[in-house]
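# model the following, please.
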Amino acid sequence: MSAVADHVHGHGHAHDHHGGYRGVMRWITTTNHKDIGTLYLWFSFVMFMVGGVMALVIRAELFSPGLQVVDPDFFNQMTTMHGLIMVFGAIMPAFVGFANWQIPMMIGAPDMAFARLNNWSFWLLPFAALLLILSFFVPGGAPGVGWTLYAPLTVQMGIGMDLTIFAIHILGMSSILGSINIITTILNMRAPGMTLMKMPLFCWTWLITAYLLVAAMPVLAGAVTMTLTDRHFGTTFFNAAGGGDPVLYQHIFWFFGHPEVYIIALPAFGVISQVIPAFSRKPLFGYASMVYATAAIAILSFIVWAHHMYTVGMPVTGQLFFMYATTLIAVPTGVKVFNWVATMWRGSLTFETPMLFAIGFLFLFTMGGFTGLVLSLVPIDIQLHDTYYVVAHFHYVMVAGALFAAFAGVYFWLPKWTGRMYDETLGKWHFWLSMIFFNITFFVQHFLGLAGMPRRIPDYPLMFETWNKISSIGAFGFGLSQLLFLYIVLKAIRSGEKAPEKPWEGADSLEWTHLPTPAPYHSFETAPVLK
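Below you'll find the predicted structure:
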């Protein structure tokens, strides 16, 4: 252990002794899980900003009817790249950053199991991101096919499509290597006495997420490789003229794509399961049921994929199966929401920024879940498929779900990571601005969808103007609010007050989230009698 400690601390001072070069090399060659976690988090924030600018281009174009800001081709490139960059560049790396920082500390391991593999997993990402950005600058530009990359559109695209396929391979490779590392670390490197059922829930959600990644990512690799061979090697997997089927692509893609939704959501659930008990000053309600619910969600996520495909002409029997399976997945998710609320029930609640984001998450994610339940019903989905109702639904799950949970995690663990406190007042401002502008942006999109406005279209009839104007104003407000977040984090790192030993007044997640229930509440017999 002392060797590990020397290694960790020695890294920190390399810059002082050997000038800037060693300072840069420290970050490039580091095998320290904390450094790598930090790299993931900064990378994800940069990608979040890049993807955010693309979203603002989309919303600027949709501010009023007619074509004003960009041409339709470029608009479609924006929708495609915004989706790919936000999913693979922003949200997933953010939670991998949390995993790298927290998992070894939570289970009492000196580092991740494969420290150098960990370094490689990260450094694959900037190059994949570079390929995605590069696709804008090649003849034909980036593929304008939507982030789902549906055949047969993908066959006609230029070289930008090949760069995108290659980028997805590299991103998938990074995810798989990172997952193998996380699984091995959690199963083999827990401190003595740290049984699986005593781990903080964040570790559980990541263990299950890592298995999902290992199972789902190769399927995506298969889908894009078949696209590649259809493009260049004369195969006809997705070409009906050669005996293939474009719908086959959709089946393969969504067999990856639905677990992917939970790959993003489960680590978010893990963060929320650390934050809520801490600021409720009591252990998580129903720890075991949370573990089983997480596992149930993961297993069910593999048998619901075709609810994205109700309109492709599948048999009614198939539609029924996927409808029932999809409504079933609402049950374990409901268990989780119930347990979070029950944790807060009669707790000594305080509302610091992490808790505000956690409660915001709870409220908005539940709403996103309900609109998902609406879309799981075949006759309703056939009406709403490919409208802005779907866009509103998944942004409630992705932004108010995953992103708000990530914000909660950053504010919650920043004192632990940096030894400094962030500015609480500014943090609350960041929460309220994000919360208000998020709802202004996406709540009104439900109305657009119900009125029949299709997604991925740069123009629209006059009847949709009002809600689109409101949505675009909200989007620019939300985007600008994230600059405040950047300022808060930088200010905390540079000049924040020194964090106290227990920054959350004895509410530190490592202490509270897996303790047994205190004795007085074990049963009615031992509970204090009210006189």
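# for the chain, which spans come out with low pLDDT?
1-19, 506-531 (pLDDT under 70).
# longest helix in it, please.
helix 246-280 (DSSP state H).
# against Ser348, how distant is Asp74?
You called it Asp, but residue 74 is Phe. Here Phe74 is placed at a distance of 53 Å from Ser348 (CB to CB, to the nearest Å). Glycine gets a C-beta too; all of them are placed from N, C-alpha and C.
# tell me which of these two has more neighbours.
Between Phe74 and Ser348, counted using other CB atoms under 10 Å, Phe74 has the larger neighbour count: 16 against 10.
# quick one: contacts for that one?
When contacts are counted by CB atoms under 8 Å, 6 or more residues apart in numbering, Phe74 touches 141, 144.
# run the last query once more with 7 Å
When contacts are counted by CB atoms under 7 Å, 6 or more residues apart in numbering, Phe74 touches no other residue.
# ok so it is a helix residue?
Yes: the assignment for Phe74 by DSSP: H, G, I helix; E, B strand; the rest coil puts it in a helix.
# just the helices from the stretch 101-250 of the chain, written as ranges.
If you assign secondary structure with DSSP state H, counting those that start in this stretch, the helices in the stretch 101-250 of the chain sit at 115-134, 153-156, 159-188, 201-232, 246-280.
# sorry, back to before: ok now the helix or strand that the longest helix of the chain is followed by, how far from the chain's centre?
On the C-terminal side of helix 246-280, the nearest following helix or strand under DSSP states H and E is helix 287-300. Taking the mean of its C-alpha atoms, helix 287-300 sits 18 Å from the chain's own mean (CA atoms, centre = their mean, to the nearest Å).
# just the buried positions in helix 287-300, please.
Residues of helix 287-300 classed as buried: 287, 289-291, 293-298, 300 (neighbour count, 16 or more other CB atoms under 10 Å).
# make sure His393 is actually in contact with Leu375.
Yes: taking contacts as CB atoms under 7 Å, His393 lies within contact range of Leu375: 6.0 Å.
# and for the two, which residues touch both?
Counting by CB under 7 Å, 6+ apart, His393 and Leu375 have no common neighbour.
# looking at the two, which is more packed in?
Neighbours were counted for His393 and for Leu375 using other CB under 10 Å; His393 has more, 24 against 21.
# then the more buried one would be within a helix, right?
Yes: note on His393: a helix contains this position according to three-state DSSP.
# from Thr371, how far out is it?
Note on His393: its distance to Thr371, by CB to CB, is 4 Å.
# need the residues touching each of those two.
When contacts are counted by CB under 7 Å, 6+ apart, His393 and Thr371 have no shared neighbour.
# list the contacts of Met355.
275, 279.
# pull out the buried positions in the helix or strand that contains it.
When secondary structure is defined by DSSP H and E, Met355 falls within helix 353-376. Buried positions in helix 353-376, judged by neighbour count with 16+ other CB under 10 Å: 353-362, 364-369, 371-373, 375-376.
# same check on stretch 233-246?
Across stretch 233-246, burial judged by 16+ other CB under 10 Å covers 237-239, 244, 246.
# got the CA positions of that stretch in CSV?
Included here for stretch 233-246 are C-alpha records, laid out as CSV according to Å, rounded to 0.1, in the frame of the first residue of the first chain:
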residue,chain,number,x,y,z
PHE,A,233,-18.0,-4.7,-49.8
GLY,A,234,-21.2,-5.6,-51.8
THR,A,235,-23.1,-7.2,-49.0
THR,A,236,-26.9,-6.6,-48.8
PHE,A,237,-27.7,-7.1,-45.1
PHE,A,238,-30.1,-4.1,-45.2
ASN,A,239,-30.8,-3.9,-48.9
ALA,A,240,-34.1,-5.6,-50.0
ALA,A,241,-32.9,-5.8,-53.6
GLY,A,242,-30.3,-8.2,-52.5
GLY,A,243,-32.5,-10.2,-50.1
GLY,A,244,-31.7,-8.1,-47.1
ASP,A,245,-34.1,-6.0,-44.9
PRO,A,246,-33.8,-2.4,-43.6
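# list the contacts of stretch 302-317.
247, 250-251, 254-255, 257-259, 318-319, 322, 325-326, 329, 376, 378, 381-382, 385.
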